[in-house]
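Participant: Any chance you can model this:
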Amino acid sequence: MKYSDNTLFYPDNRALERAIDSSLGLLSEEVATLAAPDTATTVADNFIHTRGNFEQQRFSTNILEPLRDVLEGLLTDEYRKQEPSAWAEMQNRLGNIFGGLGQQQRDAALYEKAIACFNNALEELSQEGTPLDWAATQANLGTALQALGRQESDSKALKKSIDAYTNALLEWSRKETPEEWALTMHQLGATFHAYGKLLEGNRTFQKSVVSYKNALAEFDADNHALELVATHNNRGAVLHNLAESEENPERLEEAIRSYETALTVCMEQQLPIHHAVLCRVNKFSAQSVMAVLTKDTALADEVADEFEIILECFPHALQPLCAKYCEEQMSKMRKMAESSAA
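Facilitator: Alright, predicted model coming up:
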């Protein structure tokens with residue numbers, strides 16, 4: 001089945017940010033200056049938080065390769081024998097650096113190296129002896145596997161990602177570690193969604209919806225605005241795809257409400273304008289499916305108008321492929337509306 005390809009949001013990867021921050025001291029002062037992000041540009045980055053699982057905005061991606069090189073040089077067998085816990089922690093850092101490079105270069109081999117690093121760390125960590133470090137590493141492993149599975153349409157990697165996140169949730173709880181628990185629930189929802197699209201499995205979509213709902217129990221607009229928007233938007237995307245699979249207008253209505261909530265939070269919290277625009281695109285994409293499913297030509301005409309407004313009023317906030325998609329949807333809905341009038 002062909003599902004709508006909705007835009008998903010990815011919150012900042014805090015583990016990657018910590019890996020960079022804690023490793024900068026290993027570099028020379030001159031090289032470490034590469035970490036400063038470029039704030040001189042006046043052109044908005046419409047890809048922020050839509051690229052993938054290894055999003056981070058605190059540092060320039062120019063710092064990733066120097067950090068990879070220095071960390072690889074330090075991870076010797078002798079260091080492992082002398083400081084196994086520190087060696088494992090450094091493997092975690094290197095794994096996140098590889099993940100960031102993998103996303104930047106869209107290179108499956110780099111994701112594989114990230115996965116290997118996290119598995120190396122798990123050889124020195126245990127659920128019984130170092131439960132929180134073990135859980136954090138399982139979550140890192142889940143993220144790298146999810147990124148690989150998405151890029152390569154690899155159902156085995158996505159299944160392993162689900163297992164890794166589930167392991168992390170054995171130690172992270174809503175009561176004791178609410179933020180880690182909620183972020184992992186969000187990522188588990190994202191993995192179930194990607195896995196369900198490959199399997200064409202409604203039950204897996206439903207697990208995704210539940211995971212996102214769990215995450216929403218801990219996110220609030222004041223402290224987790226982006227995470228809240230991402231969870232509502234991405235939950236809407238799962239419901240959207242589930243509705244297509246079931247041919248169920250009620251599911252579509254639920255998806256539209258999720259997109260609308262995400263849009264409201266975007267506007268109230270003054271997130272980058274392209275986030276709000278993409279939520280609108282997702283919403284009207286769901287409404288176009290509704291128009292076809294219910295054979296509602298009046299709705300088709302309304303949706304065509306909405307896509308036209310987006311294209312006219314927010315061209316600066318649209319990614320090129322998204323603009324092309326809006327044009328295609330506008331044309332499709334306009335033809336549907338005109339066919340009834342003929």
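Participant: Using the three-state scheme, assign the nearest residue to residue 131 once chain neighbours are set aside.
Facilitator: Nearest residue to residue 131, sequence neighbours excluded (CB to CB, 6 or more residues apart in numbering): residue 171, at 4.5 Å. Every C-beta, even on glycine, is put in place using the N, C-alpha and C of the backbone. Assigned by DSSP: H, G, I helix; E, B strand; the rest coil, the conformation of residue 171 is coil.
Participant: and residue 121, what pLDDT?
Facilitator: Looking at residue 121, its pLDDT stands at 98.
Participant: Then the one 3 residues further on?
Facilitator: In the prediction, the pLDDT value recorded for residue 124 is 98.
Participant: From residue 143, how far off is it?
Facilitator: 20 Å (CB to CB, to the nearest Å).
Participant: Compare neighbour counts for those two and give me the winner.
Facilitator: residue 143 (32 against 20; other CB atoms under 10 Å).
Participant: if we can go back for a sec, from what I see, the residue nearest to residue 131 and residue 130 are in contact.
Facilitator: No. Residue 171 is not in contact with residue 130 according to CB atoms under 8 Å; the separation is 9.8 Å.
Participant: neighbour count winner among these two?
Facilitator: Between residue 171 and residue 130, residue 171 has the larger neighbour count (other CB under 10 Å), namely 20 against 16.
Participant: dump the residue contacts of that one.
Facilitator: 127, 131, 132, 134, 135, 177 (CB atoms under 8 Å, 6 or more residues apart in numbering).
Participant: swap in residue 291?
Facilitator: 297, 299, 300, 303, 333, 336.
Participant: which residue packs closest to the second one, ignoring adjacent ones?
Facilitator: In space, not counting the residues next to it along the chain, residue 299 is nearest to residue 291; the distance is 4.3 Å by CB to CB, 6+ apart.
Participant: element containing the one you found, please.
Facilitator: helix 273-294 (DSSP states H and E).
Participant: gap between that helix and the chain center?
Facilitator: 19 Å (CA atoms, centre = their mean, to the nearest Å).
Participant: got the buried residues for that helix?
Facilitator: Residues of helix 273-294 classed as buried by neighbour count (16 or more other CB atoms under 10 Å): 274-291.
Participant: quick revisit: next step: the contacts of residue 171 restricted to strands.
Facilitator: When these are checked against strands (DSSP state E), there are no matches.
Participant: Next, the contact list for residue 24, please.
Facilitator: Taking CB under 8 Å, 6+ apart as the test, what residue 24 contacts is 32, 35, 63, 67.
Participant: pLDDT below threshold where in the chain?
Facilitator: 39-43, 341-342 (pLDDT under 70).
Participant: Domain-wise, how is it divided?
Facilitator: Listed by automatic domain parsing, the domain ranges of the chain are 1-171, 205-342.
Participant: For those, give me TSV that also has distance to residue 196.
Facilitator: Output for the domains of the chain, formatted as TSV (distance: least, CB to CB, whole Å):
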stretch	distance to residue 196
domain 1-171	9
domain 205-342	4
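Participant: Lovely, talk soon.
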